[in-house]
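**Student:** Here is a sequence together with a model predicted from it:
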Protein chains: 2
Amino acid sequence: MEKYLNILKSVALFKGINQGDLQSLLACLSAKLVNYDKGQIIFMSGESIKSFGIVLAGQVQVVQEDYYGNKNIIANIGTGNLFGESFAFANIKTLPVSVFTTTASVLLFIDSHRIVAPCSKACAFHSRLIYNMLNIVALKYISLTQNIEIITKRSTREKLLAYLSAEAHKAQSTRFSIPFNRQELADYLAVDRSAMSAVLSQLRDEGVLKFNKNQFELC
Amino acid sequence: MEKYLNILKSVALFKGINQGDLQSLLACLSAKLVNYDKGQIIFMSGESIKSFGIVLAGQVQVVQEDYYGNKNIIANIGTGNLFGESFAFANIKTLPVSVFTTTASVLLFIDSHRIVAPCSKACAFHSRLIYNMLNIVALKYISLTQNIEIITKRSTREKLLAYLSAEAHKAQSTRFSIPFNRQELADYLAVDRSAMSAVLSQLRDEGVLKFNKNQFELC
DNA sequence: TCCACTTTGTTGTAAATCCAACAGACCTAT
DNA sequence: ATAGGTCTGTTGGATTTACAACAAAGTGGA
């Protein structure tokens, strides 16, 4: 656990908590560290979920999948970020999404009721943890509305431009890399991969953008 | 305020709070009751937001609108439900959506920092309020993922069937009414209204469903 | 290195969507 | 009752997308 302290102290859930208290707090929360290989399933849609995770290393994806394998990527979770917390705190019976690793990852799991239920040692932290969690879930909600803003564009071209502009804005540069390969990007934008590839090439030919693998540049 | 007590006691935010304490709690939170006509703007995208609302009567819509008037309906909020809370608790500078009434409405506004900040009278309630709020925002997040599940269907036909099935499920009946007119439904599904109308007629001709105005029946 | 596998781009065709324009039905207010 | 406005369904043509099939490039393991 010690080697991840630097990441842990930057996790939004622990904002406002003294760094020195972190170790004992984590012990008190019964936080569990687990290593995963690439492509492993963490949560499976349909199961019930009582804990959430924090990515200490690697990357995980939250995806929706319907009866006939139509996949949609809800979120891409990188180092220092949480996943599953909205589902855990909504007290729902069956998970509507699946979560899996896209790279080898180190994940920290915490039972959601440990956050809520006061305990002998960490009581002082609980109200702060719950407030932080509220903040995190609210931000995730907003992030989803921004997903929707992109997905609801009427054409593949507009979707691509909206997404790439948002990524450029995030990276604060016209050059940036995206966390998706082509198929994943198509799933994210809810379009056909080959059709999207054609539109990408068209945009390249028009001089609007350049790309190489997952490196993009808006011109 | 008294005439809305029946609704207030069913509001998820006040779950677990003694009905008799509700009046004083609301006073303590400086809750403000406001009447609105149909079609009035409550929150405008771009402004900063510090309070959230509760619908005591009527209905409001949360919409996204881009540069060229392409509208997308994020959520439809009916009696007893909250709006704006995710944006208020995310502490963001500018609101990415607008909120307006679709019918004459009675709304209750509460400052978000009043929920968080303890006060002399209602202290005992705050931790419960924050926990309830976390639960509400988490549920809204899930509701958005279900929106996305519908929106990301590849064809208008699939979107309609997914949406109408979900509504039928909610109503626990094959007959149900929807809170949208045709243009709003098209905005919600992110498709062209006239094209959607054509698909609806096609489904009717195939005997899959019947409809009259906003009354639908799945066959 | 070589082979199998994955990823990406390309192309052609069929199908679906957008868009604009319009007509009839339906309000609503005078 | 009527006139103006809104809502809904219909249609046709231009555009876009999905789908399938394939080739080229890249990747990883034996």
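**Tutor:** Arrived safely, thanks for sending.
**Student:** where does chain A have low pLDDT?
**Tutor:** Along chain A, the model assigns pLDDT under 70 to residues A:1, A:67-69, A:118-124.
**Student:** Show me the beta-bridge partners of the spatially most central residue of chain A.
**Tutor:** When CA atoms, centre = their mean is applied to chain A, the residue found nearest the centroid is A:Ile77 (2.4 Å). Beta-bridge pairing for A:Ile77 (DSSP bridges): A:Val60.
**Student:** Strands of chain A, start to end?
**Tutor:** Here chain A has its strands, by DSSP state E, at A:32-36, A:41-43, A:51-57, A:60-65, A:71-77, A:82-83, A:98-101, A:105-111, A:175-177, A:209-212, A:215-218.
**Student:** Now render those as a markdown table, adding distance to DNA strand D.
**Tutor:** Any C-beta I mention is one placed from the backbone N, CA and C, and that applies to glycine too. Below are the strands of chain A laid out as a markdown table (distance: least, CB to the nearest atom of the strand, whole Å):
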| stretch | distance to DNA strand D |
| --- | --- |
| strand A:32-36 | 16 |
| strand A:41-43 | 20 |
| strand A:51-57 | 18 |
| strand A:60-65 | 15 |
| strand A:71-77 | 12 |
| strand A:82-83 | 25 |
| strand A:98-101 | 16 |
| strand A:105-111 | 17 |
| strand A:175-177 | 13 |
| strand A:209-212 | 9 |
| strand A:215-218 | 12 |
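**Student:** backbone phi and psi for the nearest residue to A:Ser48 once chain neighbours are set aside, please?
**Tutor:** Spatially, and ignoring its direct neighbours in sequence, A:Ser48 is nearest to A:Lys93 (5.7 Å; CB to CB, 6 or more residues apart in numbering or on different chains). The phi/psi pair for A:Lys93 (degrees, to the nearest 10) reads phi -80, psi -50.
**Student:** How many residues are close by A:Lys93?
**Tutor:** When neighbours are counted by other CB atoms under 10 Å in any protein chain shown, A:Lys93 registers 8.
**Student:** ditto for A:Leu108
**Tutor:** Counted with other CB under 10 Å, residues neighbouring A:Leu108 total 22.
**Student:** contacting residues around it?
**Tutor:** By CB atoms under 8 Å, 6 or more residues apart in numbering or on different chains, the residues touching A:Leu108 are A:Tyr4, A:Leu8, A:Leu26, A:Ala31, A:Lys32, A:Leu33, A:Val34, A:Gly53, A:Ile54, A:Leu56.
**Student:** Let me know the distance separating it from A:Glu2.
**Tutor:** Taking CB to CB, to the nearest Å as the measure, A:Leu108 falls 13 Å from A:Glu2.
**Student:** now A:Phe83
**Tutor:** Distance from A:Phe83 to A:Glu2, by CB to CB: 23 Å.
**Student:** Who has more neighbours out of the two?
**Tutor:** A:Phe83 (24 against 7).
**Student:** That one - nearest residue in space that isn't next to it in sequence?
**Tutor:** A:Phe83's closest residue in space is A:Ile77 (CB to CB, 6+ apart), at 4.5 Å.
**Student:** so that neighbour makes contact with A:Gly84?
**Tutor:** No. Between A:Ile77 and A:Gly84 there is no contact, the gap being 9.1 Å when judged by CB atoms under 8 Å.
**Student:** and for those two, which residues touch both?
**Tutor:** Counting by CB under 8 Å, 6+ apart, the common neighbours of A:Ile77 and A:Gly84 are A:Val62.
**Student:** before we move on, the earlier item: might you report the residue contacts of the residue nearest to A:Phe83?
**Tutor:** Contact partners of A:Ile77, counting by CB under 8 Å, 6+ apart, are A:Val55, A:Gln59, A:Val60, A:Gln61, A:Val62, A:Phe83.
**Student:** cutoff 10 Å now
**Tutor:** A:53-55, A:58-62, A:83-84, A:99, A:101-102, A:105, A:107, A:140, A:179 (CB atoms under 10 Å, 6 or more residues apart in numbering or on different chains).
**Student:** Run a quick neighbour tally on A:Phe87.
**Tutor:** 26.
**Student:** same deal with A:Met133?
**Tutor:** The burial count for A:Met133: 26, using other CB under 10 Å.
**Student:** right, and it touches A:Arg114 too?
**Tutor:** No. A:Met133 is beyond contact range of A:Arg114, at 11.7 Å (criterion: CB atoms under 10 Å).
**Student:** The residue nearest to A:Phe83 and B:Ile142: what is the separation?
**Tutor:** A:Ile77 is 17 Å from B:Ile142, by CB to CB.
**Student:** and the residue nearest to A:Ser48, what does it touch?
**Tutor:** By CB under 10 Å, 6+ apart, the contact list for A:Lys93 reads A:Gly46, A:Glu47, A:Ser48, A:Ile49.
**Student:** For the nearest residue to A:Leu107 once chain neighbours are set aside, the count of nearby residues, please.
**Tutor:** Spatial nearest neighbour of A:Leu107, excluding adjacent residues (CB to CB, 6+ apart): A:Gly53 at 4.7 Å. Neighbour count of A:Gly53, defined by other CB under 10 Å: 24.
**Student:** what about stretch A:152-169, near DNA strand D?
**Tutor:** Yes. Under the criterion of CB under 7 Å from any atom of the strand, stretch A:152-169 makes contact with DNA strand D via A:Ser155, A:Thr156, A:Arg157.
**Student:** The last one: what's it in contact with?
**Tutor:** By CB under 10 Å, 6+ apart, A:Arg157 lies in contact with A:Met196, A:Val199, A:Leu200, A:Gln202, A:Leu203, A:Val208.
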